[in-house]
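>>> Pasting the sequence and the predicted model now:
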There are 2 protein chains.
Amino acid sequence: MVNFSTIAQQMRSSEIRRLMKLAADPSVISFAGGMPNNALFPVDTLDQLYASLSTEQKQAAFQYGPTSGYPPLLESLKTYLASRKLPVGDNVLIVTSGGQQAISLLSKVLLDPGDVVITEQPSFIGALAAFKSYGAELHGVPIDADGIVLDALEGVLTKQAGARLKMMYLNPSFHNPAGILYSMERRRGLLELLRTHDVCLLEDDPYSELYFDEADVPATVPIKALGSEPVPIAYVGSFAKIFGPGMRLGWMLAPPDIMEKVELAKQSMDACSATFTQVLAHAYLSEGKLPGYLATVRKAYARRASLMLEALGAHMPDGVTWTTPRGGFYIWVTLPDHVDSSDVFAKSLEQGAAFVVGSAFDPEGQRNNTFRLAFSHTPEERIAEGTEMVCRAVRACL
Amino acid sequence: MVNFSTIAQQMRSSEIRRLMKLAADPSVISFAGGMPNNALFPVDTLDQLYASLSTEQKQAAFQYGPTSGYPPLLESLKTYLASRKLPVGDNVLIVTSGGQQAISLLSKVLLDPGDVVITEQPSFIGALAAFKSYGAELHGVPIDADGIVLDALEGVLTKQAGARLKMMYLNPSFHNPAGILYSMERRRGLLELLRTHDVCLLEDDPYSELYFDEADVPATVPIKALGSEPVPIAYVGSFAKIFGPGMRLGWMLAPPDIMEKVELAKQSMDACSATFTQVLAHAYLSEGKLPGYLATVRKAYARRASLMLEALGAHMPDGVTWTTPRGGFYIWVTLPDHVDSSDVFAKSLEQGAAFVVGSAFDPEGQRNNTFRLAFSHTPEERIAEGTEMVCRAVRACL
């Protein structure tokens, strides 16, 4: 009999994983996974990038690279991040194996079992799982259409202050799962509040380039770009939504004292990220392929969002509300208090459509009168049909 | 001021990392890094593999995949592992982000701070770092030319028995750093011994295909392939030395109860390994490219080893011994007890050649009258010259 670690003894295959497996049936219209549709990937660009590689670059792609990242990619990433006003000079940049690894690495260097992490309520499943895998205690703070509710946050910060409060995790632009965009006022207010509290902010920002309307660009400036000193902010981004998740590349930009530990932790975690995909990502950035791809997918996701919003408006019964995304992949639906989204899920699956139930995103794992619809993955022509199935399932459960 | 986790507070940038940075000067002949030479990578094969991919495969390469691995790669890997007599039917296979991640994942699910891991003395730096990053206490057991010394192992197993002894880590074929190959007798003897002790064996096997002589093939059969029930063995392998480290792909084959936890741990660590390189690795295996590549590199490494052995025989002073590798990347040099390999390193670097000092490989970080020479990375024509520099440095320190 294997004698597992304390953490592993608490790991359980979640109900969500079981539901997600049901949703993987190809006949089901799935609004579950937060991923791009395969048809949206820049396959022709990839052919060009591959063709542009020299023998030396291909050889480098086969080789180990520095733990912190393939040096040319670090340079092209710095240029890109500087264009987004991020303070690359005063911070250290590292390439990670997806944003997920960045979250896991920061957790490893900050969290002891029993330490407290404040998150939004709801929050990203992968981050919640990473924090729990280091034994953290999670406290959720409500959000509204403009971001985290500052009064509520101040209450939690004050109550949790002390050695056990280590980290705060936020996803300010086109939030997963809620789909909201923090206003600039809320970003600045948050920063002011954090200046008087001793906590490290993990700003997770994979969606900010995926706005639907140019008018929203000013509000997508990262909190870390707002003159954040002396608040320690670890800024995490990803190629998953702007190139492809299968590259498994993300990054973290944070103060040197944090990054010294993060690099050592990464060295023992996977030595380095895939050099092969780092070489491709560097070519993608340095050959200027990103802006054109973003222009295409912004339109595609905007179209998908409006198809889903239209169907929700037409078919969802009274008493149900949902967010109106201004970018990203997600719509967040709130049912009347007494309705359980697991029941809606079961009925919806009978109809032939799937989504993720709300409790998956609750840091405390309780609240379930909510669910997340991802419009990013489903073929455009099936969005209206699938959304109508979900609405029928809701109606049946009211 | 950032309040780090207990583990992170203990993380220090090691002396070894400082020395390795010195060795990275391109004018230095480096026997330090355990990596293939860039000229040995199958670049033409990569071009063929890329050209053979369908649009659907490229799209899949951009996408997230299952945490356990890209399903076609899991199938082609199972076929390969079955051909090496590994029990794929009774175990669960998972693709990892290099062998390093497999070691880190198993550590995460087994080790609490203070738990005991038995390793060989000397042992692989990356594994030692992973175990320490989970707070493990390490105990080294001596090896001889045929493998771990069973009497010594039995003593340590008996002394450490109990809840705190969790894992044993071995690298039986073309050992890193010692270069030895466990005999079949030692493999069977080890398995017999483990049947009467309660410990999980991590068998790390990245080099076993790199034998120099067909006659040694029978001795490279993995311990896990020897009818290992009921000893729980997690078998770890890697594409690093048989395709390219930059693919960042390894695998772990272990009993279902362990793998259920490992998969959950991986999900929160990096969600999945790079799909892009998994698609390429699947093509590499399924299109039968591995045997031809292995035939080429076996000869290349055998030639490099004999060039280094020849130079050591000609120039190393009396009182110094070294192992004669029958495969893999490494030669392990033992100096007289009073000589410190850090002094030899400094002198050798003045000459223009580098290696890794022995204390890096000591689980207890003490012993330093040894060092590792890797013959895998240096251009063939510089091996004799560099080895002679190292020998001169040794002579100066005696």
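The structure has been received and is ready for your questions. Residues are numbered from 1 along each chain as shown, chains lettered A, B, ... in the order given.
>>> what about residue A:312, neighbour count?
22 (other C-beta atoms under 10 Å in any protein chain shown). Every C-beta, even on glycine, is put in place using the N, C-alpha and C of the backbone.
>>> Contacts only, for it.
Counting by C-beta atoms under 8 Å, 6 or more residues apart in numbering or on different chains, residue A:312 touches A:322, A:331, A:333, A:387, A:391.
>>> ok, the first one touching residue A:313?
No. With contacts counted by C-beta atoms under 8 Å, residue A:322 stays clear of residue A:313, the gap being 9.2 Å.
>>> out of those two, which sits in the busier spot?
residue A:322 (19 against 11).
>>> quick one: the more buried one from chain B, how far?
25 Å (C-beta to the nearest C-beta, to the nearest Å).
>>> Do you have the strands of the stretch 201-350 of chain A handy? List them.
A:233-238, A:250-254, A:321-322, A:330-334 (DSSP state E, counting those that start in this stretch).
>>> With just CA atoms, put the worst-scoring helix or strand of chain A on mean pLDDT into CSV.
Least confident helix or strand, chain A: helix A:15-23 with a mean of 74, by mean pLDDT, DSSP states H and E. The C-alpha coordinates for helix A:15-23 follow below in CSV (Å, rounded to 0.1, in the frame of the first residue of the first chain):
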residue,chain,number,x,y,z
GLU,A,15,-17.2,15.9,-9.7
ILE,A,16,-16.2,18.5,-12.3
ARG,A,17,-13.8,16.2,-14.0
ARG,A,18,-16.5,13.6,-14.2
LEU,A,19,-18.9,16.1,-15.8
MET,A,20,-16.2,17.3,-18.2
LYS,A,21,-15.7,13.7,-19.4
LEU,A,22,-19.4,13.5,-20.2
ALA,A,23,-19.2,16.8,-22.0
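>>> just how off-centre is that helix within its chain?
19 Å (C-alpha atoms, centre = their mean, to the nearest Å).
>>> Helix or strand next in line after that helix, which one?
strand A:29-30 (DSSP states H and E).
>>> All the helices of chain A, residue numbers only.
A:6-10, A:15-23, A:43-52, A:55-62, A:71-83, A:98-110, A:125-132, A:150-160, A:184-195, A:256-270, A:275-286, A:290-315, A:341-351, A:383-397 (DSSP state H).
>>> lowest-confidence stretch among those?
The stretch with the lowest mean pLDDT among the helices of chain A is helix A:15-23, at a mean of 74.
>>> quick one on the thing from earlier: name the residues of the least confident helix or strand of chain A that come out as buried.
For helix A:15-23, the neighbour count (16 or more other C-beta atoms under 10 Å in any protein chain shown) marks A:16, A:19-20, A:23 as buried.
>>> what do you get for stretch A:24-32?
A:28-32.
>>> Can you check the distance spanned by that stretch, start to finish?
9 Å (C-alpha to C-alpha, to the nearest Å).
>>> what's next to it, contact-wise?
A:19-20, A:22-23, A:308, A:349, A:352-356, A:372-375, A:377-378, A:382, A:385-387, A:389-390.
>>> Same check on stretch A:263-271?
By C-beta under 8 Å, 6+ apart, stretch A:263-271 touches A:64, A:67-68, A:94, A:96-97, A:101, A:104-105, A:108-109, A:272, B:8, B:11-13, B:97-98, B:100-101, B:104, B:126, B:129-130, B:132-133, B:245, B:248, B:269-270.
>>> Could you do stretch A:202-210 as well?
Contacts for stretch A:202-210 (C-beta under 8 Å, 6+ apart): A:99, A:103, A:106, A:124, A:127, A:167-176, A:220, A:222-224, A:233-238, A:240-242, A:250, A:294, A:297-298, A:301, A:327-329.
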